[in-house]
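Asker: Generate coordinates for the sequence data below:
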Amino acid sequence: MTFTAIDFETATGHAHSACAVGIVTVEDGLITEEYHTLIQPPDNEYWYRNIMVHGIKPADTLEVPTFDVLFPEIQKRLFGRKIVAHNESFDRNVLAKTMRWYGLYYDELELADRWECTVKIYRAKGYPKANLKYCSDRNGIALNHHEALSDARACAKLYLLSDGQLRLKV
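Answerer: I've put the predicted structure just below:
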């Protein structure tokens, strides 16, 4: 099983306000690379409620690059890959809208129109709740929730488990 799991955190309620991304590369069922970076959102603007969720503040991203500068590193990890996210419509929308904000063309990534979604997978498995924390706790997956790399790693492990590819000690 080969795919890439991704998770974004946003600075505001606007989809183009990515302030962190975690990307986990899986090759033949094994995690082979993890990438995480903070991203300076447009005007380094944050909403209080977003800060309360992920703990990232304007001071944390004041000196980090904007998405367009970081994009080559992100692109090389996503191009043409099968993408998995825990709430795929959110993360796909953040990627597409952030790219559009910076004049980048989403179609050049050659990604599927819809990504694999572990929320949908675990709902279909009959989980009473399908949020990332519940799914991770139930499956013994360590999670520092709303830290982009931890969320992407948990998503990758949940996707591997959903296909019987990963055996975790519970």
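Asker: Could I get the full set of strands for the chain?
Answerer: Ranges of strands in the chain, per DSSP state E, are 3-10, 18-27, 30-38, 83-85, 116-117.
Asker: For these, could you give me CSV that also reports distance to residue 93 and mean neighbour count?
Answerer: C-beta here means a position set from N, CA and C on the backbone, and glycine is covered the same way. Output for the strands of the chain, formatted as CSV (distance: least, CB to CB, whole Å; neighbours: other CB atoms under 10 Å):
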stretch, distance to residue 93, mean neighbour count
strand 3-10, 9, 26
strand 18-27, 11, 24
strand 30-38, 19, 15
strand 83-85, 10, 25
strand 116-117, 13, 20
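Asker: Quick one: these as a markdown table, columns for mean pLDDT and distance to residue 65 too.
Answerer: Formatted as a markdown table, the strands of the chain follow (pLDDT from 0 to 100; distance: least, CB to CB, whole Å):
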| stretch | mean pLDDT | distance to residue 65 |
| --- | --- | --- |
| strand 3-10 | 98 | 16 |
| strand 18-27 | 98 | 12 |
| strand 30-38 | 98 | 8 |
| strand 83-85 | 98 | 22 |
| strand 116-117 | 97 | 29 |
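Asker: so which of the ones you listed gets nearest residue 50?
Answerer: Comparison of those against residue 50 by CB to CB identifies strand 3-10 as nearest, at 6.1 Å.
Asker: Who are the packing partners of the closest one?
Answerer: If you count contacts as 3 or more CB pairs under 8 Å, 6 or more residues apart in numbering; DSSP states H and E, strand 3-10 packs onto strand 18-27, helix 48-54, helix 67-78, strand 83-85, helix 88-101, helix 148-162.
Asker: export the strands of the chain to JSON lines and tack on distance to residue 146?
Answerer: Shown next, in JSON lines, are these (distance: least, CB to CB, whole Å):
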{"stretch": "strand 3-10", "distance to residue 146": "6"}
{"stretch": "strand 18-27", "distance to residue 146": "9"}
{"stretch": "strand 30-38", "distance to residue 146": "13"}
{"stretch": "strand 83-85", "distance to residue 146": "14"}
{"stretch": "strand 116-117", "distance to residue 146": "18"}
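Asker: No further questions, thank you.
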